[in-house]
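K.L.:
build the 3D model from these lines:
(one chain, ligands or ions: 1)
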Amino acid sequence: MNILVVKANNRPSTEGISSKMHEVFMNELTKGKDLNIQTFDVFEEDMPYFGQDFFNAMGKSAQAEPLNDIEQRILTAANKAMDAFMDADVIVFAFPLWNKTIPAPLQTFIDYIYRAGVTFAYSENGPVGLVPDKKVIILNARGGVYSTPEMAPMEMSVNYVRLIMNFFGIMDIEEVIIEGHNQFPDRAQQIIADGMEDVKTVASRLATVTV
Ligand SMILES: Cc1cc2nc3c(=O)[nH]c(=O)nc-3n(C[C@H](O)[C@H](O)[C@H](O)COP(=O)(O)O)c2cc1C
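P.N.:
Residues are numbered from 1 along each chain as shown. From the prediction side, this is the model:
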């Protein structure tokens, strides 16, 4: 089984809760056998912003025209992200809620893999997802509570990643969300400890799954 772990927080695991979730997950997962685990650290990768350079690069490469430096850089980066995503049976996203949304490099990663003809297609009946056989695991932390009906629409990280994965046809999505540790400092330790146990459970289930 090919597992891609997309790490989207560069805070140390002693500070960032979602960084810690990533660490706990990896510690458990790497106990598994017959797993091909690849990590894609979006803060470490060279990932120029998505925009006209990418569109130029796609157009020119379709015409077999030479690319300039930035076009070459962005096409290489986007293809690397796309290849990693397409090769994976299971994709794990570990990311925080920052400023109501996902960190910018994770947005770039998603822009890179959002490609008509590869991850989705247009049809007469509307768009269809092209990678329905993949599984996604979301590991996310947020300091406030967004699981209530009033707050849920203000959450644009998990909601966004889930929506995009559904758009690609992926319906098998497992989520571990740690929330409220900033809002309730007196209960923070327990909230975090319980969440980390859930992370371990999901990772060990994946590590022991037989294909
Ligand atoms: C730059 C920044 C922005 C944040 N924005 C929000 C926010 O919009 N809503 C919220 O509930 N918590 C917010 N928090 C708190 C985080 O959600 C909390 O620290 C959580 O554990 C996820 O971030 P972490 O994995 O880096 O710890 C923010 C934290 C940081 C560092």
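K.L.:
measure K200 to L35 for me?
P.N.:
16 Å (Cβ to Cβ, to the nearest Å). In this view, the C-beta of every residue, glycine as well, is placed from N, C-alpha and C.
K.L.:
please apply the same query to P103.
P.N.:
With the distance defined as Cβ to Cβ, P103 ends up 26 Å from L35.
K.L.:
neighbour count winner among these two?
P.N.:
Taking neighbours as other Cβ atoms under 10 Å, P103 and L35 compare with P103 leading, 21 against 17.
K.L.:
buried ones in the longest helix along the chain?
P.N.:
Once the chain is assigned using DSSP state H, the helix that runs over the most residues is helix 188-208. Residues 188, 191-192, 195-196, 198-200, 202-203, 206-207 are the ones in helix 188-208 that count as buried (16 or more other Cβ atoms under 10 Å).
K.L.:
all strands for the protein, in order.
P.N.:
Assignment of strands within the chain using DSSP state E yields the ranges 2-7, 36-41, 90-96, 120-123, 126-129, 135-142, 172-179.
K.L.:
note down every partner strand of the first one and its orientation.
P.N.:
Strand 2-7 has its sheet partners listed here by DSSP bridges as strand 36-41 (parallel), strand 90-96 (parallel).
K.L.:
which stretches of the protein have low pLDDT?
P.N.:
210-211 (pLDDT under 70).
K.L.:
give me every residue in it lying close to the ligand.
P.N.:
9, 11, 16-19, 96-100, 141-144, 182 (Cβ under 6 Å from any ligand atom).
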